[in-house]
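Asks: predicted structure and sequence below. I'll ask about it afterward.
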Amino acid sequence: MKKDELFFNYYNKVSCKIYVLGSSSEGESILFVLYGDDRVIYSCVTDSFLYQNQPAVKIILDDANINQIADLFWTHPHDDHSDGLIEIVETFKPKRVFLPTELQSLPGNTAKISRDVLDKLNSYRGYDKRYKTYQPKVQGIGANFLIKDEIIKVGTMLIPFSICAISPSLGKIRKKAINQDYNALNDYSIAVSILVGDFSLLLTGDIQDQMLQYLSDELLKEVPIPNILKIPHHGSKYSLGITSLFEEDPSFDIAVTTAKSSSELPKQEALDHYRTYSKHLYKINSGAPDLAIWGVEVDILHATITQIVNNNYVAV
């Protein structure tokens with residue numbers, strides 16, 4: 001998408017679709033698609049896991065007739081957020097791939113860490129647009145990194161569209177990377193805030209409270225209270241502090257969490273916490289045998305959120 005392309009296109013309607021995928025065992029992948037009328041004007045995928053030997057999100061992308069995505073966010077290098085990620089890159093050819101700042105190497109022979117994904121992404125770091133073959137631009141991001149800042153023209157209205165990274169904390173991660181401290185890879189996790197008009201979505205990866213405590217002072221501008229919150233770290237008891245980022249007690253229209261059975265996530269403590277802040281709360285059915293897909297469509301001008309799929313998620 002060329003610079004300012006959104007501004008010079010006129011639309012009668014702007015909407016977005018959000019899909020949160022997981023399973024009762026483990027895995028997380030999120031698809032965000034922005035539409036101008038019926039045309040896809042932006043799409044991004046956050047993380048990947050495998051379902052029936054293919055990236056789970058590919059099912060939704062294929063159903064939506066999306067054959068290329070604009071951006072791919074790899075929040076952090078744990079397997080349940082990484083398996084199949086390179087296949088997404090090679091199949092849907094994102095123009096940009098974002099990964100945590102300072103994540104340039106990983107220890108070998110460590111279980112549940114996707115070193116092979118990082119090695120492949122590092123091979124793209126010599127990005128040169130003169131090359132005729134496909135290669136994504138790979139970039140590390142941390143707090144305060146502005147990813148998009150556009151204007152969409154809808155009728156007589158100008159609708160802002162922005163994406164901003166709110167984590168990881170740059171200073172703390174740099175110290176960890178210098179010391180080659182990869183014991184807590186959740187601390188490297190990317191979180192991004194997406195804003196379309198008055199609608200806000202917060203995708204939190206596996207960010208935990210020990211990093212969140214540094215963000216309140218580091219962030220340069222206020223994080224909008226999201227209408228939809230993807231609960232951090234599959235709803236662990238160490239991921240409740242996201243609510244402290246907001247200057248007033250937040251009220252989310254919807255909060256949704258994925259699961260990780262090996263860690264017995266989500267915890268009831270986390271569900272109770274987010275229920276107090278959310279009008280609607282969803283989690284994956286613990287007995288679900290198959291892929292879990294939760295999705296909504298948001299009509300930006302009319303400020304409505306309509307559920308379009310709820311497969312193996314339950315209201316809490």
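Replies: Now that the structure is in, tell me what you want to look at. No experiment lies behind these values; they were computed from the predicted model shown.

Asks: from here on, contacts and neighbour counts on C-alpha atoms
Replies: OK.

Asks: CA atoms only: put the lowest-mean-pLDDT helix or strand in the chain into CSV for me.
Replies: In the chain, the helix or strand scored least confidently by mean pLDDT, DSSP states H and E is helix 209-218, which has a mean of 83. Extracted C-alpha coordinates of helix 209-218, given in CSV (Å, rounded to 0.1, in the frame of the first residue of the first chain):
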residue,chain,number,x,y,z
ASP,A,209,3.2,-7.7,34.9
GLN,A,210,6.9,-7.5,35.5
MET,A,211,7.3,-5.7,32.2
LEU,A,212,4.1,-3.7,32.5
GLN,A,213,5.4,-1.9,35.5
TYR,A,214,8.0,-0.2,33.4
LEU,A,215,5.6,0.8,30.6
SER,A,216,3.6,3.4,32.6
ASP,A,217,6.5,5.7,32.8
GLU,A,218,8.0,4.9,29.4
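
Asks: identify all contacting residues around that helix.
Replies: Contact partners of helix 209-218, identified using Cα atoms under 8 Å, 6 or more residues apart in numbering, comprise 143, 166-169, 187, 238-242, 244-245.

Asks: is it true that residue 243 touches residue 251?
Replies: No - applying Cα atoms under 8 Å, one finds residue 243 not in contact with residue 251, separated by 9.5 Å.

Asks: grab the nearest non-local neighbour of residue 173.
Replies: In space, and not counting its chain neighbours, residue 173 is closest to residue 188: 6.5 Å by Cα to Cα, 6 or more residues apart in numbering.

Asks: typo on my end, residue 256
Replies: Per Cα to Cα, 6+ apart, closest to residue 256 is residue 282, 4.7 Å.

Asks: where's that neighbour, which helix or strand?
Replies: Assigned by DSSP states H and E, residue 282 belongs to strand 278-284.

Asks: count the neighbours of residue 272 for me.
Replies: Neighbours of residue 272 under the rule other Cα atoms under 10 Å: 12.

Asks: element containing it?
Replies: Residue-wise, residue 272 maps onto helix 268-275 under DSSP H and E.

Asks: hmm, back to that, surely the residue nearest to residue 173 touches residue 76?
Replies: Yes - Residue 188 is within contact range of residue 76, at 6.2 Å (criterion: Cα under 8 Å).

Asks: overlap of the contact sets of these two?
Replies: residue 100.

Asks: out of these two, which sits in the busier spot?
Replies: The neighbour count for residue 188 versus residue 76, taken as other Cα under 10 Å, is higher for residue 188 (31 against 25).

Asks: okay, and residue 32 sits in which element?
Replies: Short version, using DSSP H and E: residue 32 is in strand 28-36.

Asks: what mean pLDDT does the next helix or strand after that strand have?
Replies: Next along the chain after strand 28-36, taking DSSP H and E as the criterion, comes strand 39-46. Mean pLDDT, strand 39-46: 97.

Asks: what strands line up against strand 39-46, and which way round?
Replies: strand 28-36 (antiparallel), strand 71-73 (parallel) (DSSP bridges).

Asks: residues in contact with the first one?
Replies: By Cα under 8 Å, 6+ apart, the residues outside strand 28-36 that reach it are 11-22, 40-49, 56-57, 80-81, 258.

Asks: now with 7 Å?
Replies: For strand 28-36, the external contacting residues (Cα atoms under 7 Å, 6 or more residues apart in numbering) are 11, 13-22, 40-49, 57, 80-81, 258.

Asks: just to revisit the earlier point, which of the strands paired with strand 39-46 sits closest to residue 156?
Replies: strand 28-36 (14.4 Å; Cα to Cα).
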